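Engineer: structure for this input, please:
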Amino acid sequence: MRERPKAIQDLPLLDILPETGPLAAGLLNAGILPRKAAADAAHIALAAVHGMDFLITWNCVHIANAVIAKAVARVCEEHGFDCPVICTPEELLGE
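Structural biologist: Sure thing, here's the model as predicted:
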């Protein structure tokens, strides 16, 4: 757990762009994520708006969740964005 901040400390931070809010709201309004997961919806939206290829997360409840992946991608596309590949670090590295 203590290694996580070290692993990301040199990565640049993404600016919150105006398009982030509507996409996050779209994910919540579609019922894909519960309202209590608004921060998770914003995390997905931020990655999509910035055109990230991957969104790496250990959150398998609301983000790296195969059950909701197609619906998340559909809402991203409806808002004019490609959905990044959402996976855990282990999935990305093939471990």
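
Engineer: report the contact partners of the most centrally placed residue in the chain.
Structural biologist: In the chain, the centroid-proximal residue (Cα atoms, centre = their mean) is residue 44; its distance is 2.2 Å. Neighbour list for residue 44: 23-24, 27, 55, 63, 72, 76, 83, 86 [criterion: Cβ atoms under 8 Å, 6 or more residues apart in numbering]. C-beta here means a position set from N, CA and C on the backbone, and glycine is covered the same way.

Engineer: for the chain, what are the low-confidence residue spans?
Structural biologist: Across the chain, residues meeting the criterion (pLDDT under 70) sit at 1-4, 95.

Engineer: quickly find the element holding residue 31.
Structural biologist: When elements are assigned from DSSP states H and E, residue 31 belongs to no helix and no strand.

Engineer: same question but for residue 7, I mixed them up
Structural biologist: Applying DSSP H and E as the criterion places residue 7 in helix 3-8.

Engineer: quick one: the strands in this structure?
Structural biologist: Counting by DSSP state E, the chain forms strands over residues 54-56, 85-87, given from the N-terminal end onward.

Engineer: can you redo those as CSV with mean neighbour count and distance to residue 10?
Structural biologist: Shown next, in CSV, are the strands of the chain (neighbours: other Cβ atoms under 10 Å; distance: least, Cβ to Cβ, whole Å):
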stretch, mean neighbour count, distance to residue 10
strand 54-56, 17, 15
strand 85-87, 20, 21
